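# Need coordinates for the below:
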Amino acid sequence: MNRVVIALGGNSVLEKGERPTFKTQFSHISKAAADIAEMLFKHNTDLVITHGNGPQVGDELLRNEIARRAVPKLPLFSLNAETQAFIGSMIEIALRNAFEKTSIKKDVIAVLTHAIVEADDPAFRSPSKPVGPFFTKMELKKELKLEKFSYVAENGGYRKVVPSPVPKKIAEIDAISKLLDDGKVVIAGGGGGVPVYMEGRSLVGANAVVDKDYEARIIANGIGADEMVILTGVDYVYADFPENRRGIKSVKVSEIKKILERFEKGTMGPKVRACVDFIENGGSRAYIGSLFRLNEVIEGISGTTITR
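Numbers count the residues shown, from 1 in each chain. Below is the predicted model:
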């Protein structure tokens, strides 16, 4: 049976500027779940769903800061686990509801996923990923007295930055494959997974974040997926963004590799690179397109299709 990985972008959970209430987030996820159910009704495939958690883990960091005088702060990797479970639960419930309406007889399970990174990854020496709340200059001085951390100036304020190491493998990949063999729809790799590294023969949590698109790529190749779909806030990969916004409909991997440096490092760049690496490591086809047009993207009506 065909195997597919769908990576849901952050706007599948929360649009920019929206209040992060449970009702709002679940409403967005329910819309995405209805599209996924429609896809499965048309194409009976083995399916893994991954998702982002950027706004949610930022909220948890803020809660940690506000409540630190009452309860001890938790490490970043544990907050990733919390939000992965929270969002995974919403997706599972929404999918079960959508399957009930379309008479799809598939079970759904969310797997708390750990991304194994290397302890000596250069990212640990050069933190670069902004996380958590914005600080004014005065607030930053106060925070640095309590805890030393790296930071960057951004949008008129300051934000903490943490390492973003490259994932090498997924601790639960064999379990995910077995669940697919048993006919389950699997939710995994949320927020890039909980980053861990090996210390001797033991796993140790790493205060870092893993790129969610690259994590989806590692999962996709790890389960032998045929196709990977990255859903985001735009309809296409744009060759001349932001000047002309010329959408790329279909492109061979050898061609898009030539223009990789054109794509923004923090947005489209990681998505395109993940698709290139997926195909070069055994995948057949990758798609990048709008969250709200999943079925059109799969059918080649909308979105960018990358092939061998």
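# Not counting residues beside it along the chain, what's closest to Leu140?
Once flanking residues are discounted, Leu140 sits nearest to Tyr158: 4.6 Å by CB to CB, 6 or more residues apart in numbering. The way it works is simple: take the backbone N, C-alpha and C, and place the C-beta from them, glycine included.
# mean confidence score for the helix or strand in which the one you found is found?
Using DSSP states H and E, Tyr158 sits in strand 157-162. The pLDDT scores in strand 157-162 average 88.
# what's the angle between the helix or strand bottoming out on mean pLDDT in the chain and strand 157-162?
Lowest by mean pLDDT, DSSP states H and E among the helices and strands of the chain is strand 129-135, with a mean of 80. Here strand 129-135 runs at an angle of 140 degrees relative to strand 157-162 (axes from the mean of the first three to the mean of the last three CA atoms, to 10 degrees).
# And the next helix or strand past the longest helix belonging to the chain?
Criterion DSSP state H: the longest helix present in the chain is helix 76-102. Using DSSP H and E, the helix or strand that follows helix 76-102 towards the C-terminus is strand 108-110.
# chain center to that following strand, what's the gap?
How far strand 108-110 lies from its chain's middle: 17 Å, per CA atoms, centre = their mean, to the nearest Å.
# Give me the distance between Ala216 and Val5.
The spacing between Ala216 and Val5, counted by CB to CB, to the nearest Å, is 6 Å.
# Please disregard the earlier target; I meant Ile256.
Ile256 is 19 Å from Val5, by CB to CB.
# circling back to that earlier point, which of the residues in the strand holding Tyr158 are buried?
For strand 157-162, burial by neighbour count (16 or more other CB atoms under 10 Å) applies to 158-162.
# Among those residues, which one sits closest to Ile49?
Nearest to Ile49 among those: Val162, at 25.3 Å, using CB to CB.
# Okay, now the unreliable bits of the stretch 51-200 of the chain?
Applying pLDDT under 70 to the stretch 51-200 of the chain flags no residue at all.
# quick one: the strands in the stretch 151-300 of the chain?
Taking DSSP state E, counting those that start in this stretch as the test, the strands found in the stretch 151-300 of the chain are 151-154, 157-162, 169-170, 185-187, 194-199, 202-205, 227-232, 237-238, 247-248, 250-252, 285-290.
# So which elements touch the fourth one?
Secondary structure elements in contact with strand 185-187, counted by 3 or more CB pairs under 8 Å, 6 or more residues apart in numbering; DSSP states H and E, are strand 46-51, helix 76-102, strand 108-110, helix 173-181.
# in stretch 32-41, what counts as buried?
For stretch 32-41, by 16+ other CB under 10 Å, it's 32-40.
# what's the distance between Phe149 and Asp235?
Taking CB to CB as the measure, Phe149 falls 38 Å from Asp235.
# okay, these two: which has more neighbours?
Each of Phe149 and Asp235 has its neighbours counted (other CB atoms under 10 Å); Asp235 has more, 18 against 14.
# give the contact list for that one.
Neighbouring residues of Asp235 by CB atoms under 8 Å, 6 or more residues apart in numbering: 247, 289-290, 293, 302-303.
# let's see 10 Å
By CB atoms under 10 Å, 6 or more residues apart in numbering, the residues touching Asp235 are 245, 247, 288-290, 292-293, 296-297, 302-304.
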